[in-house]
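[1] The following comprises the amino acid sequence and a computationally predicted model.
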Amino acid sequence: MRYFRYAVGAVALLAGFQAAQADTLDVVKSRGVLHCGVTTGFAGFSAPDAKGEWQGLDIDMCRAVAAAVLGDAAKFKAVPLNSQQRFTALQSGEIDLLTRNTTVTQQRDTALGAIAAGVNFYDGQGFLVNKSLGVKSAKELDGASVCMQTGTSNENTMADWARANNVKYQPVVIEQFNEVVSAFAAGRCDVFTTDASGLASIRISKMSSPDDYQVLPEIISKEPLGPFVRQGDDRWLNIVKWSLNAMINAEEYGVTSKNVDEQLKSTNPNIMRLLGVTEGAGKNMGVDEKWAYNIVKQVGNYGESFDRTVGLGSPLKIQRGLNALWTDGGLMYGLPIR
């Protein structure tokens, strides 16, 4: 009986491995729904609104891939995951795409069976404090207690920065993100450290009196956030990567959700290839030639997505900064579709 249970377990593991290794494009097309790994609730990036509908910059990445593959941006299922669950869910095939404000690092891109498909938000780790603490710089935090979430890159980054700057601190490490927020709001720690975009989100959406808090000026790390897929599934990697690039290129070319139908008449070769008037890009990836048209029509270009989710058109009011187009001094540079 013991050997029978072992055999059943082995078969189950093999089945999960085979599912994870299957061609994701065929799986998603057959299923008719994209399974997208997101946060458990992070305003501006992935969180349900008052109607229970998921919204945010990372959700728009889910929507873009669904539009490219299935022709309908609404055909995705948000799968909420905490930081400990996210890569396991991707490896096992529970999700098709991980877009959960996840930093692209060398270890994650090489040792976890996952690979990054691009960067959709350039960020950096910062510090949120109550103004009553009376500090103006992170270097004044010697002896402070610091809240952070376990299983993230924030722990190591904080330790490295503190050591380099001779700052001693007391870590308060908690597994669930919402519990970290609650601990900080309740005064269990002096400081909350995570990506600066997350701090802006927490301050606006989680603090009862946002004006009582401030984000300190120091940014202590590079945190390029982006979508991940499983290693070895190159066709799926291409689709996710080029869906993001299509949104960036659309902004550069001035193609928006409002004028995209008019732009179908454009004689600009770049726009003609982007929107499928000149065919080839869709065939290269195994999707409809209108893949990018569907993204822009239903989701918008990168600038539209940024503005309504985290930018000046949102409660977070985050400036474009590094996330501006390269032509405007930022790092957003769409790879050419040709």
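    Happy to help now that I have it. Residues are numbered from 1 along each chain as shown.
[2] tell me the SS of the residue most central in space within the chain?
    Among the residues of the chain, the smallest C-alpha distance to the mean C-alpha position (CA atoms, centre = their mean) belongs to residue 101, namely 3.4 Å. The three-state assignment at residue 101 reads coil, by DSSP: H, G, I helix; E, B strand; the rest coil.
[3] what about residue 162, neighbour count?
    Here the count is done by other CB atoms under 10 Å, and residue 162 has 18 residues near it. In short, each C-beta sits where N, CA and C put it, glycine included.
[4] same for the helix or strand encompassing it, what does it pack against?
    Residue 162 belongs to helix 154-164 when elements are defined using DSSP states H and E. For helix 154-164, the packing partners by 3 or more CB pairs under 8 Å, 6 or more residues apart in numbering; DSSP states H and E come out as strand 125-130, strand 144-149, strand 169-174, strand 191-195.
[5] Give me the mean pLDDT for the second one.
    Think strand 144-149. Here strand 144-149 scores 95 as its mean pLDDT.
[6] partners of it in the sheet?
    Within its sheet, strand 144-149 is paired with strand 169-174 (parallel), strand 191-195 (parallel), according to DSSP bridges.
[7] Please compute how far that strand lies from its chain's middle.
    Taking CA atoms, centre = their mean, to the nearest Å, the mean C-alpha location of strand 144-149 is offset from the chain mean by 23 Å.
[8] Check the third one too.
    From the chain centre to the centre of strand 169-174 is a distance of 25 Å (CA atoms, centre = their mean).
[9] now swap in the first one and tell me
    With CA atoms, centre = their mean as the basis, the distance from the averaged C-alpha position of strand 125-130 to the chain average is 21 Å.
[10] what are the C-alpha coordinates of that strand, in PDB please?
    Output of strand 125-130 as PDB, limited to C-alpha atoms (Å, rounded to 0.1, in the frame of the first residue of the first chain):
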ATOM      1  CA  GLN A 125      13.400  50.500  -2.600                       C
ATOM      2  CA  GLY A 126      12.500  53.300  -0.200                       C
ATOM      3  CA  PHE A 127      11.300  54.200   3.300                       C
ATOM      4  CA  LEU A 128       7.900  55.300   4.600                       C
ATOM      5  CA  VAL A 129       7.800  56.900   8.100                       C
ATOM      6  CA  ASN A 130       5.300  58.800  10.200                       C
END
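[11] Name the surrounding residues that touch it.
    Taking contacts as CB atoms under 8 Å, 6 or more residues apart in numbering, the residues outside strand 125-130 that touch it are 135, 138, 141, 153-154, 157-158, 184, 187, 190-196, 199, 202-203, 212-216, 218-221, 223.
[12] Emit the ChimeraX select command for whichever of those are buried.
    In ChimeraX, this line selects whichever of the contacts of strand 125-130 come out buried by 16 or more other CB atoms under 10 Å:
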select :135,138,141,153,154,157,158,184,190,191,192,193,194,195,196,199,202,203,213,214,215,216,218,219,220,221,223
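[13] Is residue 244 within a helix or a strand, and which one?
    helix 234-253.
[14] Residue 292 now?
    Under the criterion of DSSP H and E, residue 292 resides in helix 291-298.
[15] Show me what that helix is packed up against.
    Using 3+ CB pairs under 8 Å, 6+ apart as the contact criterion, the neighbours of helix 291-298 among helices and strands are helix 57-70, helix 234-253, helix 260-263, helix 281-285.
[16] Which parts of this protein belong to which domain?
    With domains defined by automatic domain parsing, the chain comprises 22-122+225-328, 125-221.
[17] Can you say which of those is nearest to residue 334?
    Shortest distance between residue 334 and the domains of the chain, using CB to CB, is found for domain 22-122+225-328: 3.5 Å.
[18] model confidence over the closest one, on average?
    This predicted structure assigns domain 22-122+225-328 an average pLDDT of 96.
[19] what's the spacing between that domain and its chain's center?
    Shown here is domain 22-122+225-328, whose average C-alpha point lies 9 Å from the average C-alpha point of the whole chain (CA atoms, centre = their mean).
[20] dump the residue contacts of the residue lying closest to residue 331 once chain neighbours are set aside.
    The shortest distance from residue 331 to any residue other than its chain neighbours is 4.9 Å, reached at residue 322 (CB to CB, 6 or more residues apart in numbering). For residue 322, the contact set (CB under 8 Å, 6+ apart) comprises 122, 330-331.
[21] what about residue 260, distance to residue 254?
    10 Å (CB to CB, to the nearest Å).
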